[in-house]
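1. 3D, please:
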Amino acid sequence: MATDHFAQDPRTHLERMQAGDLYIADDPEIARRQQQAVRLAARYQAAYTEDAEAAGAILAELLGAVGEQAHVRPPLYVDYGSNITIGARTFVNYNLTALDVAAIVIGEDCQIGPGVQLLTPTHPLEPQPRRDKLEAAQPITIGDNVWIGGGAIVLPGVSIGDNSVIGAGSVVTKDVPPNVVAVGSPARPVRTL
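-> Purely as a prediction, here's the structure:
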């Protein structure tokens, strides 16, 4: 018999998602918001090919906040966009996948390489009926002046400290302290900066 995780919870699935609690991922309101983000991301990419500076207004509409002189090269893949903050003077190269079920905060003066994945969703580890599609999420925080190499993956709940470097292709499964170079899968600090 399936467990009713929401029997005593009057909140909508969107409200549960935003709180970081378990929710049903294929809820109609959540799907509507995801589709809106897909449309805005496509508009941003199309506008960028004509005028990168003018496309900034669409990026500002898509994301929760974009700092002054931040630059994001499309394509950009997001769940909602509205849960992403990018700090001033940060550069994001092509093909960022930022699954922002929970907050993704990218600090100022960061450099994000091509093909980076920032993944906040999680799912229960106990078996679930397929129809449930239960998920939850944990935020990702990237400090100021952080460099993340191409193809790196940052997993749910991770914080990366100021002035750190994440090596290309690394998988960041745990917090990274400030002022280190972290590499590997799982990423580990190998040098102090």
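2. so where is the chain shaky, pLDDT-wise?
-> Residues of the chain meeting the criterion pLDDT under 70: 1-5, 126-132.
3. which helices and strands does the top helix by length along the chain pack with?
-> Using DSSP state H to define each element, the chain has its longest helix at helix 28-50. When contacts are defined as 3 or more C-beta pairs under 8 Å, 6 or more residues apart in numbering; DSSP states H and E, helix 28-50 sits against helix 13-18, helix 56-62, strand 76-78. Glycine gets a C-beta too; all of them are placed from N, C-alpha and C.
4. list the buried ones in it?
-> Going by neighbour count (16 or more other C-beta atoms under 10 Å), the buried part of helix 28-50 is Ile30, Arg33, Gln34, Ala37, Val38, Leu40, Ala41, Tyr44, Ala47, Tyr48.
5. can you put the helices and strands packed on helix 28-50 in TSV and add mean neighbour count?
-> Converted to TSV, the helices and strands packed on helix 28-50 look like this (neighbours: other C-beta atoms under 10 Å):
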stretch	mean neighbour count
helix 13-18	19
helix 56-62	17
strand 76-78	20
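6. would you turn those into a markdown table with distance to Ile104?
-> Below are these laid out as a markdown table (distance: least, C-beta to C-beta, whole Å):
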| stretch | distance to Ile104 |
| --- | --- |
| helix 13-18 | 14 |
| helix 56-62 | 13 |
| strand 76-78 | 9 |
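7. the residue most central in space within the chain bridge partners, please.
-> The centroid of the chain falls nearest to Ala98 when counting by C-alpha atoms, centre = their mean (3.2 Å). For Ala98, the beta-bridge partners are Val78, Leu118 (DSSP bridges).
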